[in-house]
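Chemist: kindly generate the corresponding structure for this input.
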Amino acid sequence: MRKLSGPLIQAAREQFGETRDQTAAGVGKSYPTIQQYELGIIAPPANVLAALADRYGVPVDSFYAEADDLAGAR
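Modeler: Predicted structure coming up:
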């Protein structure tokens, strides 16, 4: 089963070379909201997830990992 992964969102942002502040401004969210997405505390709505993928130039699927992969990362 695939599950949304906050760390994969964070990795895409870092690879893109952007700070959380820059991403927040670019997608119309606050720094704490972006941080919560990346920590997996809350999931971004579909439209924000799509905006993040467009911004970073990656497919939305790149933010998802197999649940087994996530369990092993803990």
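Chemist: CA only for contacts and neighbour counts going forward, please
Modeler: Noted.
Chemist: show me where this structure has its strands.
Modeler: Assignment of strands within the chain using DSSP state E yields the ranges 2-4, 64-66.
Chemist: ok, which of the ones you listed comes nearest residue 41?
Modeler: Checking the strands of the chain against residue 41 by CA to CA gives strand 2-4 as the closest, at 11.1 Å.
Chemist: what does the closest one contact?
Modeler: When contacts are defined by CA atoms under 8 Å, 6 or more residues apart in numbering, strand 2-4 is touched by residues 43, 63-67.
Chemist: run the last query once more with 6 Å
Modeler: For strand 2-4, the external contacting residues (CA atoms under 6 Å, 6 or more residues apart in numbering) are 63-67.
Chemist: if you average pLDDT over it, what comes out?
Modeler: Per-residue confidence for strand 2-4 averages out to 94 on the pLDDT scale.
Chemist: just checking: what are the partner strands of it?
Modeler: Strand partners for strand 2-4, identified by DSSP bridges, are recorded as strand 64-66 (antiparallel).
Chemist: give me the contacts around the partner strand.
Modeler: Contacts to strand 64-66, defined as CA under 6 Å, 6+ apart, come from residues 1-5.
Chemist: residue closest to the middle of the chain?
Modeler: The residue lying closest to the centre of the chain (CA atoms, centre = their mean) is residue 9, at 2.4 Å.
Chemist: got a list of what it touches?
Modeler: With contacts taken as CA under 6 Å, 6+ apart, residue 9 has the following neighbours: 38, 63.
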